[in-house]
Each structure stands twice: as C-alpha cells, then as structure tokens.
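Enquirer: Got a sequence here, can you model it:
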Amino acid sequence: MAAFGTFSIVRLSSRSGATFDGYAVTIPGSIIANPGFVQAFGTATTGTGQLILDANHVGAWGGSQSGGQIVGMLVAPFVSDRFGRRLAMLILSVLLVIVSQDDQ
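Expert: Residues are numbered from 1 along each chain as shown. Predicted structure coming up:
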C-alpha cells in the first residue's frame, strides 16, 4: 500500500509540472491580448485610428518566449550542476526581479 501512495504522489507531481508548463506557455498570448499592453506598446494604427500591435512585434514576442525556453533548457543543467538547484533558482529569481523592474 505504501508503494501505491508513493506512486500517486509522484504521478500527481508530474501532472502538476505539465500543467504549470502549459500555463507558462499561454502567458505571452494572454499578455498581448491585454488592452493595457496594446496601449503601452502599440506602434501601428487601424484605418479608424485605433492603436494596434505591429504583426512583426507580435511574432517576435511569441518567438522570444520559445527562444527563452530553449536557452533555459540548454543552460539550466550546467548552472544547476555547478551551483546547485537552490542557488540556481535564487540567481534566476533575482535576475527576473531586476529585469522586470519598471525603468520609468
């Protein structure tokens, strides 16, 4: 019975990882649909003068998310082996806080 309980915990953990990955992949698409994002970063206008996102910028936005995943998958094992998982996650968290600061 203990083996079944352990298996169930591992299975649920694996399933949660897939769910979180799917959530992370959908975030860029949700952000560009946000009217505030369009207002802040829109560079083109429609015939009626409404501000919209340039198609090239939308493509670059989606591509940067996929590119970031690829770079992360290639670099993360080496960083984790060198510094350990905790320190690697701490460094990543600090880096994300620095990059996400509003520079206005």
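Enquirer: which residue is nearest the centroid of this structure?
Expert: Centroid-nearest residue in the chain: A24, 4.8 Å away (criterion: CA atoms, centre = their mean).
Enquirer: The longest helix anywhere in the chain packs against which elements?
Expert: In the chain, assigned by DSSP state H, the helix with the most residues is helix 2-32. Counting contacts by 3 or more CB pairs under 8 Å, 6 or more residues apart in numbering; DSSP states H and E, helix 2-32 packs against helix 55-83. No exception for glycine: its C-beta is placed from N, CA and C like everyone else's.
Enquirer: Which positions in the helix it packs on come out as buried?
Expert: By 16 or more other CB atoms under 10 Å, the buried positions in helix 55-83 come out as 61, 65, 79.
Enquirer: ok, the first one to Q50 distance?
Expert: Looking back up the chat, that one is W61. 19 Å (CB to CB, to the nearest Å).
Enquirer: residue ranges with poor pLDDT in the chain?
Expert: Within the chain, the set of residues satisfying pLDDT under 70 comprises 1-2, 15-21, 102-104.
Enquirer: G36 falls within a helix, correct?
Expert: Yes: assessed by DSSP: H, G, I helix; E, B strand; the rest coil, G36 belongs to a helix.
Enquirer: Count the residues that sit near it.
Expert: Applying other CB atoms under 10 Å, we find 8 residues neighbouring G36.
Enquirer: how close does it sit to I27?
Expert: 15 Å.
Enquirer: P28: neighbour count?
Expert: P28: 17 surrounding residues under other CB under 10 Å.
Enquirer: whoops, L92 was the one
Expert: Neighbours around L92, by other CB under 10 Å: 13.
Enquirer: any idea which helix or strand carries it?
Expert: Per DSSP states H and E: L92 is located in helix 85-99.
Enquirer: quick one: buried residues of that helix?
Expert: Neighbour count says helix 85-99 has A88 buried, by 16+ other CB under 10 Å.
Enquirer: Would you mind pulling up the elements that it packs against?
Expert: In terms of contacts (3+ CB pairs under 8 Å, 6+ apart), helix 85-99 is packed against helix 55-83.
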